[in-house]
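Q: coordinates only, sequence not included:
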């Protein structure tokens, strides 16, 4: 990963590219690289869809190696949804392939002077940028089928659907999985709209003829990786729960804990949770000939995904993840797994963040545009997003815009980004993360649910404010570092509970790069990334007053605990005082 590929899409002349050494970004990867480059090269006050913004696509520090779980891809830019710096990541094959091609990052710059769209082809022989008019306004599944027909079955593809082309702020970037299906998404923050603004419809990667990246100390690297995998497999979450039931194993857990946002955050438990739980979903998948266990990229040993077949035994979508099942399920009062899987398929095809879309539909239902529990109405609303109708464009702009247009008071967003599937009143630690994250409401930025609810890495009472800021702070620091490595965030469960698994991760980094990092060095990496992001946001006009939850979370008690969010503003403001 010694090359930086800069692709200029205009407006002065036709698209072109340059390759250079990593320079100031040498040794960086994933979120560490995307945030550093965006902070240095993008004007903080620019419009997210302007030519001045840049889209940075970066594999992690360990991507392209034999390290288990190292296939997360980071995409960074200034978000057109939040106005903040943004890193959105996904599984799939792209990170591994891009790293084996030798690229530390692809940087999309400028934008075409006209409305032309392009495809970018990258293999061991070089880079081609070609017009892609034949792909205009196609969904991701059709785009990938055309790319496979043209370039073979061994490609990896990143693409946008209709939402990205129309520059909707809920637009995602699809990444193909091992079966070359566009099922993994960089979903949050409207990164797909930025790719659309650059005039790029698809990026096709082919690492045929390329080798795995070689560590400085192969024997030490192999030994550390073995210990790391052993740690993953012996932890009850990564070795048992996630492989058996996927991320949706959390549905019953959160509903029973009173932290499952139902019908647009009006209550904390869903009476239909059992019908859409991970246990029910896994059984249905197996019954129909699908699978409840599947990895999203080569090298995944947790295998928390699956395959969902419809009632006729045809592939419909990958296993809907917990956030998706919640967003289109309990949040909208829907308890029909077939409808939820169809909504997931549509989101993937149109190129939409399932969290943002489910939240927007929940707000629309509160406004009376549809009724809570009406699955067919939800499907019709998402279809309108794909068609680009007036209503569809409103919904595709996200929950905040939907609430503004229809005059809804209860709009669950921070910095205009929709809250995910944990009510901050019943899981106070995740509320701290939502409020203070550099990127708007984001559970993955500091997953306090692990300790508040699952009791991983300790036990902090989810209903009390005590200890929540420290918990979120430590997790946000650790997460930023993990996001730089290219590792899946789920490694956090055994890393938090098993010191040797954490040490194995550090040993892998040291063996690969010939370093002598300590745990404190990993912490410093996370802090550096967060400082870089906070600085960008400050220059973009964000202050501590933006690090707040919507007021209804502090004034409206949520059942069944009848509690409000009780972490004070002063405590929130102290999070970055390390």
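A: The structure has been received and is ready for your questions. Computed from a predicted structure; not experimentally measured. Residues are numbered from 1 along each chain as shown.
Q: the closest residue in space to residue 515 that isn't next to it in sequence is in what secondary structure piece?
A: Leaving aside its sequence neighbours, residue 515 sits nearest to residue 509 (Cβ to Cβ, 6 or more residues apart in numbering; 6.4 Å). All C-beta spots, glycine's among them, are computed from the backbone N, C-alpha and C. Using DSSP states H and E, the element containing residue 509 is helix 499-513.
Q: list the contacts for the residue nearest to residue 515?
A: 61, 62, 485, 515, 517 (Cβ atoms under 8 Å, 6 or more residues apart in numbering).
Q: buried sites along the longest helix along the chain?
A: Once the chain is assigned using DSSP state H, the helix that runs over the most residues is helix 519-539. Across helix 519-539, burial judged by 16 or more other Cβ atoms under 10 Å covers 522-523, 525-534, 536-537.
Q: just to revisit the earlier point, please spell out the ChimeraX selection for the buried subset of the contacts of residue 509.
A: Filtering the contacts of residue 509 down to the buried ones (16+ other Cβ under 10 Å) takes a single ChimeraX command:
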select :61,62,485
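Q: can you add distance to residue 553 and pLDDT and give the contacts of residue 509 back as JSON lines?
A: Formatted as JSON lines, the contacts of residue 509 follow (distance: Cβ to Cβ, whole Å; pLDDT from 0 to 100):
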{"residue": "61", "distance to residue 553": "36", "pLDDT": "96"}
{"residue": "62", "distance to residue 553": "38", "pLDDT": "96"}
{"residue": "485", "distance to residue 553": "33", "pLDDT": "95"}
{"residue": "515", "distance to residue 553": "43", "pLDDT": "95"}
{"residue": "517", "distance to residue 553": "39", "pLDDT": "95"}
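Q: just the ones in helices from the contacts of residue 509, please.
A: Using DSSP H, the contacts of residue 509 in helices are residue 485.
Q: what is the nearest of the contacts of residue 509 to residue 545?
A: residue 485 (33.1 Å; Cβ to Cβ).
Q: what's the distance between stretch 165-179 and the middle of its chain?
A: Stretch 165-179 has its C-alpha centroid displaced from the chain centroid by 11 Å (Cα atoms, centre = their mean, to the nearest Å).
Q: next, the distance between the ends of that stretch.
A: Terminal residues of stretch 165-179 lie 25 Å apart, using Cα to Cα, to the nearest Å.
Q: now stretch 329-338
A: Chord length of stretch 329-338, first to last residue, is 11 Å (Cα to Cα).
Q: buried set for that stretch?
A: Neighbour count says stretch 329-338 has 329, 330, 331, 332, 333, 334, 335, 336, 337 buried, by 16+ other Cβ under 10 Å.
Q: now the last one: closest residue in space, sequence neighbours ignored.
A: Right, residue 337. residue 276 (5.6 Å).
Q: next one: residue 342
A: Nearest one to residue 342, counting by Cβ to Cβ, 6+ apart, is residue 379 at 6.0 Å.
Q: do residue 218 as well
A: residue 511 is the one closest to residue 218 (Cβ to Cβ, 6+ apart), at 7.8 Å.
Q: could you check how far that neighbour is from residue 2?
A: Noted for residue 511: a distance of 19 Å to residue 2, by Cβ to Cβ, to the nearest Å.
Q: so for those two, which sits in the more crowded spot?
A: Ranked by neighbour count (other Cβ atoms under 10 Å), residue 511 and residue 2 place residue 511 first, with 21 against 10.
Q: contacts only, for the more buried one.
A: 215, 216, 217, 218, 220, 221, 224.
Q: just give me the neighbour total for the fourth one.
A: So that's residue 218. Counted with other Cβ under 10 Å, residue 218 comes out at 12.
Q: same deal with the third one?
A: Neighbouring residues of residue 217 were enumerated by other Cβ under 10 Å; the total is 15.
Q: follow-up on the earlier one: closest to residue 385 out of the buried residues of stretch 329-338?
A: Nearest member of these to residue 385, counting by Cβ to Cβ, is residue 332, at 14.5 Å.
Q: wait, that closest one sits on residue 361?
A: Yes - Residue 332 is within contact range of residue 361, at 5.6 Å (criterion: Cβ atoms under 8 Å).
Q: between the two, what contacts are shared?
A: Both residue 332 and residue 361 are contacted by residue 378, under the criterion Cβ under 8 Å, 6+ apart.
Q: now the residue nearest to residue 292 when sequence neighbours are not counted, what's its secondary structure?
A: In space, and not counting its chain neighbours, residue 292 is closest to residue 282: 3.6 Å by Cβ to Cβ, 6+ apart. Following DSSP: H, G, I helix; E, B strand; the rest coil, the label given to residue 282 is helix.
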